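**Q** My questions are about this predicted structure, shown below with the sequence.
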There are 2 protein chains.
Amino acid sequence: MPRARFYNLAPRARSRLLRIATRQFAARGLEGASLNEILAEAGVSKGAYYYYFDDKDDLLATVLEDAADAMLARLAMPDTARLSREDFWPTVQRLVFGWAASVDLAGDLFRVAVQLTPTQRRSPRFAPVLAKAQSLYRRLVEAGRRLGCVRTDLPVDVLVRLLEANDAVLDGIFLAVHPTVTPWSLQRHTRLVFDTMRRLLAVEGPAPGRRAGNAAPRARSRRPRR
Amino acid sequence: MPRARFYNLAPRARSRLLRIATRQFAARGLEGASLNEILAEAGVSKGAYYYYFDDKDDLLATVLEDAADAMLARLAMPDTARLSREDFWPTVQRLVFGWAASVDLAGDLFRVAVQLTPTQRRSPRFAPVLAKAQSLYRRLVEAGRRLGCVRTDLPVDVLVRLLEANDAVLDGIFLAVHPTVTPWSLQRHTRLVFDTMRRLLAVEGPAPGRRAGNAAPRARSRRPRR
DNA sequence: TGCGGCGTAGACCGCCGGTCCATACCATCG
DNA sequence: CGATGGTATGGACCGGCGGTCTACGCCGCA
């Protein structure tokens, strides 16, 4: 949420600042990155910066929003309204495989977002931007619930955040292990991501048989659910 | 890892400093908390502090280690060598529920650890301390694999990191929603944590091929309540 | 030529984590 | 007794941080 003037700036200077900021924030985090350093490297003075932005956080929020927009622009979301129950999981799988193509854009987003503490991620400053990036997950989860394919014992928000966290772990490992992406490794990875999503979201846990509960200690006090 | 002298200090002063630091770090995070403020409140001078500690991170690491030790001292780890295949999941569940007993201690640990970025959590400074806290999980995963209860298609490290990430999310939500912990809310939470572990770790059911296809997974599925 | 507002530069502020040194304390020893 | 040397402490001081503020260049316009 920079001031509107920022978008009247010469596009070259604008994207240059955002690019440098992205790199610094991804490398050193919100607190670790030096605003002074970013501005010096981008050739922007303190006065100019605060003419366009509110504060340091504002730059990070702008970087995140920029990356989220670029990613969403590339991804196709199917019309969830026409999905049938049998189509749901195959559709999810197809989507996940399709997302793999935009890993180069999503990478920036993850690398920056992963440097935020959970508390910061929930702050009014960053929550709306991150919610935008999660909108795909959210819509998928909601569609899956409507079709009876996705569990309803947890709020959508919780499921989305679990998905996000697992993706961050798996993508991080993938990028660390496979510095050069091959079609084969990418397929393996997307397969794993999809499998993890399914494990977390499916109405039933993966292994059949007795579920949690028989060993529950002491009597369960029946109380309203918050 | 404070200098050894720290443990020669008067226990009163020592625990006072750690208590105040815990509160500040839990409330404002590693970067947000002011070391100057903590020291002023604890009545410890700069010189004295740096006589005992390396830097600011050192204090946080000490706080974490202190909490982790206190927690682990209370938790019993079952003898995984004697576990049978049928005992595995109930044992895991009992262990996770056993957390309930030490949540007053674990709460501090979570509230502080949750303020770290994933990157910081993996840094050489904090990783060993946090690994100590998650050593239970690692041993559990290894035991479960030996017994054929836990999937072997992913490395142990990946599984542990997935567990860690999911725990961070769930604990973060739990602490945000329940500022004061009640036995009931805690039981609900541990139940959720166990269920998530099971979903992530369990070996796949029979006929693992083409499981992406069927929307309603297998027989004995519980109906979605809704 | 003078004027007013947009945009800019960078000196400056208070606070931060961290360093440094003078000194107080106290047991040991000639 | 005084001298010595390690332990422990106080707090002035440092560079760098995010953020503020003021002076000024620039340009369209009368």
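**A** That came through, no problem.
**Q** Need the contact partners of the helix or strand of chain A with the lowest mean pLDDT.
**A** Counting by mean pLDDT, DSSP states H and E, chain A has its least confident helix or strand at helix A:103-113, which shows a mean of 78. Contact with helix A:103-113 is made by A:22, A:25-26, A:60, A:63-64, A:67-68, A:70-71, A:74, A:99, A:121, A:130, A:133, A:167-168, A:171-172, A:175, A:181, A:186, as judged by CB atoms under 8 Å, 6 or more residues apart in numbering or on different chains. All C-beta spots, glycine's among them, are computed from the backbone N, C-alpha and C.
**Q** Packing partners of the next helix or strand after that helix?
**A** Where DSSP states H and E defines the elements, the next helix or strand beyond helix A:103-113 is helix A:118-122. Helices and strands touching helix A:118-122, as assessed by 3 or more CB pairs under 8 Å, 6 or more residues apart in numbering or on different chains; DSSP states H and E, comprise helix B:156-177.
**Q** angle of the helix it packs on against helix A:156-177?
**A** Between helix B:156-177 and helix A:156-177, the angle comes out at 150 degrees (axes from the mean of the first three to the mean of the last three CA atoms, to 10 degrees).
**Q** close to chain B, is stretch A:31-46?
**A** Yes. With CB under 8 Å from any CB of the partner chain as the criterion, chain B is reached by stretch A:31-46 at A:Glu31.
**Q** Which parts of chain A are helices?
**A** Applying DSSP state H to chain A gives helices spanning A:11-32, A:35-42, A:46-52, A:56-74, A:88-99, A:103-113, A:118-122, A:127-133, A:135-146, A:156-177, A:183-201.
**Q** Output the set of residues of chain A in proximity to DNA strand C.
**A** A:Arg5, A:Asn8, A:Leu9, A:Val44, A:Ser45, A:Lys46, A:Gly47, A:Ala48, A:Tyr50, A:Tyr51, A:Tyr52 (CB under 7 Å from any atom of the strand).
**Q** Now A:Leu75. Its backbone dihedrals?
**A** phi -90, psi 140 (degrees, to the nearest 10).
**Q** Quick check, pLDDT for it.
**A** Note on A:Leu75: pLDDT of 81.
**Q** So it sits against A:Leu136, correct?
**A** Yes. Using CB atoms under 8 Å, A:Leu75 is in contact with A:Leu136, at 6.5 Å.
**Q** Can you pick out the residue with more neighbours from these two?
**A** Of the pair A:Leu75 and A:Leu136, A:Leu136 is the one with more neighbours under other CB atoms under 10 Å in any protein chain shown, namely 18 against 14.
**Q** correct me, but that one touches A:Pro78?
**A** No. Using CB under 8 Å, A:Leu136 is not in contact with A:Pro78, being 10.5 Å away.
**Q** residues shared between the contacts of those two?
**A** What both A:Leu136 and A:Pro78 touch, as defined by CB under 8 Å, 6+ apart, is the set A:Leu95.
**Q** just to revisit the earlier point, quick one: buried ones out of the residues of chain A next to DNA strand C?
**A** A:Val44, A:Tyr52 (16 or more other CB atoms under 10 Å in any protein chain shown).
**Q** Where does pLDDT dip in chain A?
**A** Chain A contains residues with pLDDT under 70 at A:103, A:205-226.
**Q** Swap in 90 and give it another go.
**A** A:1-13, A:70-83, A:94-115, A:117-119, A:121-122, A:132-136, A:164-165, A:167-169, A:171-189, A:204-226 (pLDDT under 90).
**Q** Up against DNA strand D, what does chain A have?
**A** Near DNA strand D, when you scan chain A using CB under 7 Å from any atom of the strand, you find A:Ala33, A:Ser34, A:Leu35, A:Asn36, A:Glu37, A:Lys46, A:Gly47, A:Tyr50, A:Asp55, A:Lys56, A:Asp57.
**Q** just curious, which of those residues is nearest to A:Leu154?
**A** Closest approach to A:Leu154 among the residues of chain A next to DNA strand D (CB to CB): A:Asp57, at 30.1 Å.
**Q** Now do the contacts for that closest one.
**A** Counting by CB under 8 Å, 6+ apart, A:Asp57 has contacts A:Leu30, A:Arg125, A:Phe126.
**Q** cutoff 7 Å now
**A** By CB atoms under 7 Å, 6 or more residues apart in numbering or on different chains, the residues touching A:Asp57 are A:Arg125.
**Q** gap between the residue lying closest to A:Arg199 once chain neighbours are set aside and B:Met1?
**A** Once flanking residues are discounted, A:Arg199 sits nearest to B:Arg199: 4.7 Å by CB to CB, 6 or more residues apart in numbering or on different chains. B:Arg199 sits at a distance of 36 Å from B:Met1 (criterion: CB to CB, to the nearest Å).
**Q** ditto for A:Leu64
**A** 35 Å.
**Q** Comparing those two, which shows the higher neighbour count?
**A** Using other CB under 10 Å, the more surrounded residue of A:Leu64 and B:Met1 is A:Leu64, with 24 against 14.
**Q** Skipping adjacent residues, who's closest to that one in space?
**A** A:Leu64 sits nearest to A:Val129 (CB to CB, 6+ apart), 4.6 Å away.
**Q** what's around the one you found, how many residues?
**A** 22.
**Q** is chain B contacted by stretch A:159-175?
**A** Yes. Residues of stretch A:159-175 contacting chain B under CB under 7 Å from any CB of the partner chain: A:Arg161, A:Leu162, A:Ala165, A:Asn166, A:Ala168, A:Val169, A:Ile173.
**Q** Taking the residues of chain A next to DNA strand D, tell me the two that lie furthest apart.
**A** A:Ala33 and A:Gly47 (19.9 Å).
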